[in-house]
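Chemist: All I have is the shape, not the residue letters:
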């Protein structure tokens with residue numbers, strides 16, 4: 001395993017791959033989830049990502065499942081001190097709401113953030129999380145209130161590093177500037193959709209955001225920032241014939257990039273999935289892929305990308321398309 005340090009060296013050291021456990025406890029059963037977590041840890045993986053609403057959309061899901069499962073695994077393995085835990089607040093259905101996700105979520109008010117961290121710590125069975133994210137934008141709450149509330153979580157010792165997910169780049173920059181102006185901790189981790197393919201102009205996923213040029217520029221120009229790339233393998237669409245390319249990625253340039261990706265993978269003796277992950281981890285932009293898997297075989301393939309060093313000529317071909 002390889003590692004990098006978050007927040008410009010001020011945060012925890014994390015494995016170069018982050019294990020995303022969104023379906024654990026719902027569509028991925030506990031035995032399989034534990035086996036995947038065990039193998040990830042055995043391979044040197046230390047960074048695990050969840051949220052306080054995973055997976056509320058699954059049949060019978062409440063949003064508690066992923067955090068609860070991770071808490072049970074951490075306790076049963078005595079793994080808390082060697083695991084970097086990231087979770088999120090903001091996209092859980094409000095208490096007492098009759099609406100269901102994604103039609104309603106708790107948002108990023110001070111009250112929601114305070115209740116959110118308390119709930120996450122209880123479910124995880126720990127006294128702190130290492131990275132705490134604002135899960136989705138909330139433009140109905142003043143930015144100052146949200147930034148202050150996250151700073152209070154840091155001051156209270158419940159988290160060390162702050163991040164945001166699914167935010168416009170200008171909102172991230174503005175929030176960081178407000179924090180800097182007021183001597184408060186700001187967002188240093190940004191979790192967005194990001195893969196080798198680019199979405200069509202205007203192609204988004206509702207509340208989800210892709211890390212476009214402006215977000216990449218923001219991360220690249222600030223030494224304390226890291227991009228956490230979710231959806232890097234497009235739910236298997238790079239390699240599985242039963243997975244159609246998402247409509248947001250289905251355009252002529254994507255098909256040309258797919259051709260080049262497959263050519264490079266063949267020359268590198270790797271799978272297209274491994275090349276995508278290696279391309280992310282080995283580039284100039286500081287990227288940690290958040291890889292979601294549902295089987296040990298999928299995890300093993302992802303782990304194989306960690307030691308894959310792309311030849312500069314191969315990387316140049318990938319970038320040139």
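Modeler: Good, I have the coordinates. If you're wondering where the values come from, they're calculated on a predicted model, not measured in any experiment.

Chemist: for the stretch 1-150 of the chain, which spans come out with low pLDDT?
Modeler: Scanning the stretch 1-150 of the chain for pLDDT under 70 picks out 96-102.

Chemist: So which residues of it form strands?
Modeler: Applying DSSP state E, counting those that start in this stretch to the stretch 1-150 of the chain gives strands spanning 3-5, 13-15, 18-20, 47-49, 84-89, 129-134.

Chemist: next one: the stretch 151-300 of the chain
Modeler: Per DSSP E, counting those that start in this stretch, the stretch 151-300 of the chain has strands spanning 159-165, 187-193, 226-230, 287-292. These are given in chain order.

Chemist: I'd like to know which of the ones you listed lies nearest to residue 34.
Modeler: Each of those has some distance to residue 34 by C-beta to C-beta; the shortest is strand 287-292, at 16.2 Å. C-beta here means a position set from N, CA and C on the backbone, and glycine is covered the same way.

Chemist: List the contacts of that closest one.
Modeler: Strand 287-292 is touched from outside by 4, 14, 16-23, 47, 49, 191, 194, 226-230, 232-233, 277, 280-281, 299, 302, with contacts defined as C-beta atoms under 8 Å, 6 or more residues apart in numbering.

Chemist: From the chain's centroid, how far away is it?
Modeler: Using C-alpha atoms, centre = their mean, to the nearest Å, we find the averaged C-alpha position of strand 287-292 to lie 6 Å away from the chain's own average C-alpha position.

Chemist: Which one of the strands of the stretch 151-300 of the chain lies nearest to residue 41?
Modeler: Going through the strands of the stretch 151-300 of the chain one by one, with C-beta to C-beta as the measure, strand 287-292 comes closest at 14.5 Å.

Chemist: returning to that earlier point: format the strands of the stretch 1-150 of the chain as TSV; extra columns: mean neighbour count and distance to residue 244.
Modeler: TSV is the format used below for those (neighbours: other C-beta atoms under 10 Å; distance: least, C-beta to C-beta, whole Å):
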stretch	mean neighbour count	distance to residue 244
strand 3-5	13	34
strand 13-15	20	31
strand 18-20	25	22
strand 47-49	27	26
strand 84-89	26	28
strand 129-134	26	30
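
Chemist: Between these, which one is closest to residue 309.
Modeler: Judging those by C-beta to C-beta, what sits closest to residue 309 is strand 3-5, at 15.4 Å.

Chemist: Turn the strands of the stretch 1-150 of the chain into TSV, including distance to residue 295.
Modeler: Written out in TSV, the entries for those read as follows (distance: least, C-beta to C-beta, whole Å):
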stretch	distance to residue 295
strand 3-5	25
strand 13-15	19
strand 18-20	13
strand 47-49	17
strand 84-89	22
strand 129-134	26
